[in-house]
Structure formats: C-alpha cells, structure tokens
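In: have a look; sequence and predicted model below, questions after that.
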Amino acid sequence: MLDRIRTFLLDDPVWANNSSSAMGNNISPLSNIDDTHDFHRIWSALQFVYCLPTRHENDMNIEQLYGEGLNFAGCTIIRLLNEHRKFETFDFTYHLFKINRSDQKEDEVKNVSLPTFTERIRKFQILNQQIFACLNKYLCHTTTDEIPVEQVKCLTPMTLQTIQSSMPIYQHSRLPGTTSEC
C-alpha cells in the first residue's frame with residue numbers, strides 16, 4: 001500500500017520537481033527559500049505551529065484534538081518522498097531546540113514560554129523519530145536508485161607483521177650474544 005501511495009506522489013508534478021534535482025545540479029537546496037515543492041518545508045512550518053503551547057490552560061492542544069494521526073501522515077509523506085533526511089537536517093523547530101539547549105534561556109517571548117515550547121519540540125522530535133523508524137522497517141525494500149551511494153573504502157585488516165614492519169618501536173635489533181626471549 002505504501003509503495004502505491006509513493007508512486008502516486010512521485011508521479012505528481014507538484015512533488016516531482018523538488019530540490020533533489022537541484023542538488024544534482026550542484027545548486028544549494030537553500031538557494032530558493034520560497035520554493036514550496038519540498039513537502040518537508042511545509043511540514044516543518046506546520047510542526048512549528050503544532051509545537052506552540054496553548055495560550056490558555058483549558059485549551060486543547062493538537063495531540064488532544066487529533067492524536068498522533070497528523071504526525072504519522074506528515075512523516076509518512078515525507079518518507080515516501082524520500083525527504084526524511086532533509087527534514088531532519090533543515091527543520092526549523094529542531095534548530096530552535098538545539099539553540100535553546102545550548103543557551104538554556106527560560107524567557108517568555110510573545111506570551112510563549114521557551115521551556116514549554118522546547119519541551120513540546122522534543123516530544124514531537126521523539127515521536128517523529130519513532131514514526132520514521134517504523135516506516136523504515138516497512139520501506140526497507142526501496143530501490144537502489146533512491147538511496148544515495150556512499151563512498152566506502154575497504155581496508156584490509158592489519159596484522160602483527162604489518163604493524164611491526166611499519167613502526168620502528170616494534171623492530172628489535174638484537175645484540176650479539178642475546179636471545180629474543182623475555
């Protein structure tokens with residue numbers, strides 16, 4: 001079922017013209033910041049709004065209204081479009097979380113408590129990671145065309161003889177009349 005949804009998404013011209021083609025042309029994915037052909041950018045903006053704490057104590061937050069369904073839908077579309085790495089790299093809320101973790105400010109900005117906001121960001125980040133892990137188990141059979149090839153250099157394991165011949169500390173010079181035993 002997920003593969004069928006993926007083909008619908010990838011065949012749609014709205015999502016087919018994403019920045020992965022720009023990356024192949026050595027154009028920065030951040031060069032056109034207004035480009036909304038990348039779903040992960042749209043989801044990042046939505047997630048920012050979802051992470052905002054409620055203004056009043058009696059207000060319902062997004063989880064109470066819709067559960068985890070919105071997160072699951074957003075992460076599923078991101079994963080099916082193969083944008084999950086870009087999402088985790090360029091998501092604005094994750095960036096704010098990292099900044100707040102380093103400066104530890106506990107201010108209130110425009111009636112939004114930063115500790116509460118960053119706590120909600122962290123909860124959404126953990127939820128997204130769990131959803132991506134679940135989706136990766138079911139989508140592990142992706143074609144090799146979709147996975148970027150990493151350059152891996154295979155090295156032969158070092159042997160004791162190789163180590164001894166390459167390092168002077170291991171080269172023993174025997175004096176006449178001595179034995180090699182300890």
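Out: Sure thing, it's come through. Numbering: from 1, shown residues only.
In: quick one: buried residues of the host helix or strand of S102?
Out: Secondary structure from DSSP states H and E places S102 in helix 92-103. Judged by neighbour count (16 or more other Cβ atoms under 10 Å), helix 92-103 contains these buried residues: 93-94, 96-97, 100. Any C-beta I mention is one placed from the backbone N, CA and C, and that applies to glycine too.
In: save those residues as TSV, and put in pLDDT and distance to H40 too.
Out: Formatted as TSV, the buried residues of helix 92-103 follow (pLDDT from 0 to 100; distance: Cβ to Cβ, whole Å):
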residue	pLDDT	distance to H40
T93	87	12
Y94	88	11
L96	83	16
F97	87	16
N100	83	21
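In: now T54. Its backbone dihedrals?
Out: Here is the backbone geometry of T54 (degrees, to the nearest 10): phi -70, psi 150.
In: wait, it sits on I62?
Out: No: the pair T54 / I62 is not scored as a contact, 9.2 Å apart, by Cβ atoms under 8 Å.
In: same drill for those two, tell me which one is more crowded.
Out: Taking neighbours as other Cβ atoms under 10 Å, T54 and I62 compare with I62 leading, 19 against 13.
In: name all residues that make contact with the nearest residue to that one once chain neighbours are set aside.
Out: The shortest distance from I62 to any non-neighbouring residue, by Cβ to Cβ, 6 or more residues apart in numbering, is to Y50 (4.6 Å). Contacts for Y50 were tallied using Cβ atoms under 8 Å, 6 or more residues apart in numbering; they are 62, 70, 124.
In: the last one: what's it in contact with?
Out: Contacts were defined as Cβ under 8 Å, 6+ apart; by that measure F124 touches 47, 50-51, 71, 93.
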